[in-house]
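mind looking at a prediction? Sequence and model below.
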Amino acid sequence: MPDVILLPGIIAPAARRFRLLLEELGGVDAILKDLEVYAGDEPAPDYAIETEIAGIAAAAERAGFERFHLYGHSGGGACALAFAAVHPERLLSLAVDEPATDFSHEDRSDPYFDEFAAAEALPGREAVAAFLRLQVAPGVELPPPPEGDPPPWMASRPAGIRAFLRAIAGHRVDPARYEAFGAPVLYTHGSMSHPRWAAMRDRLASRFPAFSSELFDGLHHLNTSHQAEPGRTAALLRAHWARAEAS
């Protein structure tokens, strides 16, 4: 059974985010690991991307994973990239679904992050709503919010989003780290997501030596591949993991 760690984005917990995907995968030794930014009631004052890197390593140690496959969506995808840059020897493969950032100069210089800063300054739920609008292509209608009261974990999200945005602003990855990463890398994204993820795909394709990508037509960051097409995503991941272990 492949040893796998799955990292969610900055909104939904891992168990909720990956429920359908895990049903399709079956037969894997998977850790559904929530982001460290939500380890306490409030983000730690010294929270940084290094906190997430250390948290992934600690989760692998607790599970007895010497080497493993790492998959992350959005914020979790960014943390997965950061981990791969620091601990390439621990990974059999890397898979990312629309990472929040690739920690490159090109990405951080995109005016997109000015819009993020404006969203961050809004109060509570307005900040979350503005943050969600920035995940899709212009003109794409956001899905309606779930009916009823928000789940209890939603209360921690505005502070978590703000802490995470500050953390990624202060972290960089030398492109040489990606260029030296020899394990297979899979990148997935939706055709209706913000165009920055297509640009990120092309940038990372020029840096990772063993890179492949998959476009999901009609999907976007808020209705992404492992939620809308979990069977197809599971098949992609299984093939990706098999190639990595065969090599």
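Perfect, thanks for sending it. Numbers count the residues shown, from 1 in each chain.

what residue of this protein is the furthest out?
residue 148 (27.3 Å; CA atoms, centre = their mean).

buried residues, stretch 127-137. List them.
127, 128, 130, 131, 132, 135, 136, 137 (16 or more other CB atoms under 10 Å). Where you see a C-beta, it was placed from the backbone N, CA and C, and this is true even at glycine.

not counting that stretch itself, show me its contacts.
11, 74, 112, 115-116, 118-122, 142, 157-158, 161-162, 192-195, 220-222 (CB atoms under 8 Å, 6 or more residues apart in numbering).

which among these end up buried?
The buried subset of those - by 16+ other CB under 10 Å - is 11, 74, 116, 119, 157-158, 161-162, 192-194, 220-222.

ok so, going back, pretty sure the residue farthest from the centre of the chain sits in a strand.
No - counting by DSSP: H, G, I helix; E, B strand; the rest coil, residue 148 falls outside a strand, being coil.

so which strand or helix has residue 55?
helix 49-63 (DSSP states H and E).

in what helix or strand does residue 69 lie?
strand 68-73.

what helices or strands is that strand leaning on?
If you count contacts as 3 or more CB pairs under 8 Å, 6 or more residues apart in numbering; DSSP states H and E, strand 68-73 packs onto strand 3-7, helix 75-86, strand 91-97, helix 230-246.

can you tell me which of these comes nearest to residue 67?
strand 91-97 (5.1 Å; CB to CB).

returning to what we had before: so which of the buried residues of stretch 127-137 sit within helices?
127, 128, 130, 131, 132 (DSSP state H).

now do the first one against residue 15, distance only.
When you say that, I think you mean residue 127. Note on residue 127: its distance to residue 15, by CB to CB, to the nearest Å, is 24 Å.

doesn't residue 32 make contact with residue 15?
Yes - counting by CB atoms under 8 Å, residue 15 touches residue 32, with 5.5 Å between them.

quick one, which of the two is more surrounded?
residue 32 (19 against 12; other CB atoms under 10 Å).

quick one: residues contacting that one.
6, 8, 14, 15, 18, 22.

what residues are bridge-paired with it?
Bridge pairing for residue 32 (DSSP bridges) gives the partners residue 6.

how close does it get to residue 115?
On the measure of CB to CB, residue 32 and residue 115 end up 31 Å apart.
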